[in-house]
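K.L.:
Based on what follows, work out the 3D shape:
(2 chains)
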Protein chains: 2
Amino acid sequence: MPIDLRFDATDVALFADLYELTVSAVFFERGMNETAAFELGLRRMPPNRGYMIAAGIERVVEALEDVRFDPAAIEHLQSLKLFKDDFLDFLAGLRFTGSVRALREGAIFFAGEPIVEVSAPLIEAQIVETLLLNQVGFATMVATKAARCVSAANGRRLVDFGPRRAQGADAPLVAARASYLAGFNGTASIAAGRRYGIPVYGTMSHSFVMAHDRELKAFEDFAAVFPRLSTLLVDTYDSEAGIHNAARIGQRMREQGVKLSGIRLDSGDLRDLALRGRRILDQAGLSDVPIFASGNLDEYRIAELLAGGAPIDAFGVGTALAVSEDAPAGDFYYKLVEYRDEPRMKLSAGKASTPGRKQVFRAHNDKGMPYADLVGLVDEGTVTVAREFRPPPASVSPMLETQMESGRRVMPRPALEDLRARTAEDLRQLDARLKSLRKPPEFPVKTTAALNAMIIGEKLKAERRQE
Amino acid sequence: MPIDLRFDATDVALFADLYELTVSAVFFERGMNETAAFELGLRRMPPNRGYMIAAGIERVVEALEDVRFDPAAIEHLQSLKLFKDDFLDFLAGLRFTGSVRALREGAIFFAGEPIVEVSAPLIEAQIVETLLLNQVGFATMVATKAARCVSAANGRRLVDFGPRRAQGADAPLVAARASYLAGFNGTASIAAGRRYGIPVYGTMSHSFVMAHDRELKAFEDFAAVFPRLSTLLVDTYDSEAGIHNAARIGQRMREQGVKLSGIRLDSGDLRDLALRGRRILDQAGLSDVPIFASGNLDEYRIAELLAGGAPIDAFGVGTALAVSEDAPAGDFYYKLVEYRDEPRMKLSAGKASTPGRKQVFRAHNDKGMPYADLVGLVDEGTVTVAREFRPPPASVSPMLETQMESGRRVMPRPALEDLRARTAEDLRQLDARLKSLRKPPEFPVKTTAALNAMIIGEKLKAERRQE
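P.N.:
Okay, here's the model as predicted:
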């Protein structure tokens, strides 16, 4: 019997909201299971975001390759007394046989653009709705938050300290991966380090210092056992006295030819303490010992500390990263855009959808900097679309790539390190104004003439569906 | 090979932050593994919260009963090349042998009070830090958010629609359970329904309506297959026209002696649409057909809709609940309060801890309403502490209960339904002012004279630990 914290194959199969299975049962009964295309995207940019980093796609592709209702899942559905046996038999044999076009994991995108498109028999595409929204939504919010911290830290090292604040047992894994993708240097989570090969970092706990009768003895003990991990937490009692104690240890270590790894500040006025700490360490001849800071940090606070001249070399970001604190959820949608080769459109007030299968075309200037996107139809040619950009682009890239066909991955699984390097490069080329932490300008996202024409026609058709 | 979404026993074992294992390795090497007490609590109330609902405790107790480093976990730790073999052997044999005193799952508490106290050999208590903070923190934030929605809904039904917005694969399970505990009527999540026996609800997807050529046909199909789940989603195109179509279906169903389950509004001006919808349904002789509303709802919006006279009978709450949107993480701590029978105290600026093992004493007036808490020492008698309350209480309850001893649960596992009923009763007895959605008053939480004396003495001792 698995303990409650574990999340197993049956949970994955039953991750759906009830309605995904009830509407599927009706589709099944009515013989409606032709090819449908669903689009996952973001309705509007979260506050203060000038760009988004797509994430969660690799996990979703893997889940789709393996999606199946195991016997325990079928047995549970049977127990609900809602579904007929022929539908349950159908579910028991169901595999994902569709295609997925998606942004590269780590790609930059903006509101109003498809991130993932699923084309599959209607029922297959419908039952994975919650799974896709849940996985892509959260990972994307964290990757974006992390990229903002990376901008703010301006080259200083960043570590994910969020597992204790994350929402549930899976979130630390998602957050560690997404933040590493976006440029963090590692995570505190051993489980995430194991699963994704991410570097794992840690300093020491307050309880470690408190369990010793003397702070100095605690520092000595730790440095003796883990000289290479000897970042000493100095704020258990008085931070300044703690820094002096750490400096004493650092000097003793140096006499033995070992370098103190750093000191960590975790409370109080971090700017002031970092300035004092730097002075104390420098005066002790420990100018190569870095200062690590943590404690309610986010991109805004990191930028403020560095603008104030705080000599901090590395930051641990916990809560703000793990829950994407100022924007814990994005307004993601997963909507039917085509069924039986016909575009479909929803008109709901304030939540209208855009019909048809699409491609996102990104225009770059001669320096490789993206300056506008056009969302067009899937079969529009890049050359044709390029003519619609003003000013004319140096190059245009189609952003959605086919990642699955007939239920199988079509490209080798990309290495996280490679995705991370490409994300760093994309962020380097991005217009610096979009990276403003507050009120960035809006990146121009428009629709192509062909998609515009389709929207107008489909709106009329959609209105008639209520007659 | 488990797919990436699954969270298995090795993940549970390695849920710790790296520092929990490095400091434990030092403790091990130095022979420091005597009994330690750690306290988990909340430093300050999240914005607009007048009370908190404790949750996640049952899951933690279960995890503690089963915590162990399996061979895969040990192998991974070995691969990090940080730990000596004798420590890894020790971890391989480690079980949780300690005690847990905690609030009842669903109990009301306030900032500055212990929620969980773990007493165990130092290393056992240290390595579960991240696990406890992660599980109790999120579940508590969601349960509290849910209780606020329950207050706002004032008797209307509430369903958790959050799984698609939740942060990762585990969060929907935690959120469904915590919100049900706090008074929700059920969840959209099939997986959560299965795991916790929570009622599962659902209506229909926009894609269901869109895949049909006519909205009316979609409604007909659905009502034919699931007459008892026939809550028709009316906002895919024009909501008012959709309500008229739903009313036609409702009338036809009635002719066949079946009742339409409801209509669901999901966008637009919900108050206006509910008023119109009620009128349309009533005029069609369907005054017993309820109106269900969803779409960016939270406790504030629910209260506003009902104050505005919106005739809404049930609410689906998604994002705001699933991520506890206005307070996605609380400032929870897990701190050493005693080692080798000696109190321990941390002085960090703004994050000082309170030493010693404790009890929370709650004073009730003669109507059973709690009006003040005193945090005292674990061995203080209720009768003695009762004398410290002004005005004198009609009764005083000690809030922390022993839930585990020697690593085993001491009470039978409580049924979720029973916990839910007790939470409802606690909320009923709570001072209504504390349930204000905005700027509630602060519930008086003070420390007993005995704890005060200990704090003063320990502060002096702690200061000397840096000499």
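K.L.:
unless I'm mixing things up, A:Gly112 is touching A:Val445, no?
P.N.:
Yes - the pair A:Gly112 / A:Val445 is scored as a contact, 5.0 Å apart, by Cβ atoms under 8 Å. In this view, the C-beta of every residue, glycine as well, is placed from N, C-alpha and C.
K.L.:
give me the low-pLDDT residue ranges for the stretch 251-400 of chain A?
P.N.:
Regions of the stretch 251-400 of chain A meeting the criterion pLDDT under 70 are absent.
K.L.:
To which secondary structure element is the residue in the stretch 201-350 of chain A positioned nearest to chain B assigned?
P.N.:
The minimum distance from the stretch 201-350 of chain A to chain B, using Cβ to the nearest Cβ, falls at A:Gly202 (3.2 Å). For A:Gly202, there is no helix or strand it lies in under DSSP states H and E.
K.L.:
Next up, the contacts around it.
P.N.:
Contacts for A:Gly202 (Cβ atoms under 8 Å, 6 or more residues apart in numbering or on different chains) come out as A:188, A:229, B:17-22.
K.L.:
I'd like to know which elements whichever strand or helix holds A:Val118 is packed against.
P.N.:
Element membership for A:Val118, per DSSP H and E: strand A:114-121. Counting contacts by 3 or more Cβ pairs under 8 Å, 6 or more residues apart in numbering or on different chains; DSSP states H and E, strand A:114-121 is packed against strand A:35-42, helix A:57-66, strand A:99-102, helix A:129-153, strand A:358-364.
K.L.:
Name the residues of that strand that are buried.
P.N.:
Buried positions in strand A:114-121, judged by neighbour count with 16 or more other Cβ atoms under 10 Å in any protein chain shown: A:114-121.
K.L.:
Please confirm that A:Gly376 is located within a strand.
P.N.:
Yes - counting by DSSP: H, G, I helix; E, B strand; the rest coil, A:Gly376 is located in a strand.
K.L.:
Quick check: nearest residue in space to the closest residue to chain B within the stretch 351-467 of chain A, chain neighbours excluded?
P.N.:
Nearest residue of the stretch 351-467 of chain A to chain B (Cβ to the nearest Cβ) works out as A:Gln466 at 4.5 Å. In this structure, A:Gln466 finds its nearest non-sequential neighbour in B:Ala241, 4.5 Å apart by Cβ to Cβ, 6 or more residues apart in numbering or on different chains.
K.L.:
which other helices and strands contact the one helix or strand the one you found maps to?
P.N.:
Element membership for B:Ala241, per DSSP H and E: helix B:239-255. When contacts are defined as 3+ Cβ pairs under 8 Å, 6+ apart, helix B:239-255 sits against helix B:215-225, strand B:231-233, strand B:262-265, helix B:270-283.
K.L.:
If we use 7 Å, what do you get?
P.N.:
helix B:215-225, strand B:262-265, helix B:270-283 (3 or more Cβ pairs under 7 Å, 6 or more residues apart in numbering or on different chains; DSSP states H and E).
K.L.:
by how many degrees do it and helix B:215-225 diverge?
P.N.:
Orientation check (axes from the mean of the first three to the mean of the last three Cα atoms, to 10 degrees): helix B:239-255 against helix B:215-225 gives 40 degrees.
K.L.:
Identify all contacting residues around helix B:239-255.
P.N.:
Helix B:239-255 is contacted from outside by A:349, A:466, B:215-216, B:219-220, B:223, B:227, B:232, B:234-236, B:259-260, B:263, B:265, B:268, B:273, B:276-277, B:280-281, B:284-286, B:289, using Cβ atoms under 7 Å, 6 or more residues apart in numbering or on different chains.
K.L.:
Of the residues you listed, grab the buried ones for ChimeraX.
P.N.:
Buried members of those, defined by 16+ other Cβ under 10 Å, are picked up in ChimeraX with:
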select /A:466 /B:215,216,219,220,223,232,234,235,236,260,263,265,268,273,276,277,280,281,284,286,289
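K.L.:
For the host helix or strand of A:Val159, what is the distance to the chain centroid?
P.N.:
Assigned by DSSP H and E, A:Val159 belongs to strand A:157-160. Put simply, strand A:157-160 sits 15 Å off its chain's centre (Cα atoms, centre = their mean, to the nearest Å).
K.L.:
go on, stretch A:424-441?
P.N.:
Centroid separation for stretch A:424-441 versus its chain: 17 Å, with Cα atoms, centre = their mean.
K.L.:
Quote the end-to-end distance of it.
P.N.:
One end of stretch A:424-441 sits 21 Å from the other (Cα to Cα, to the nearest Å).
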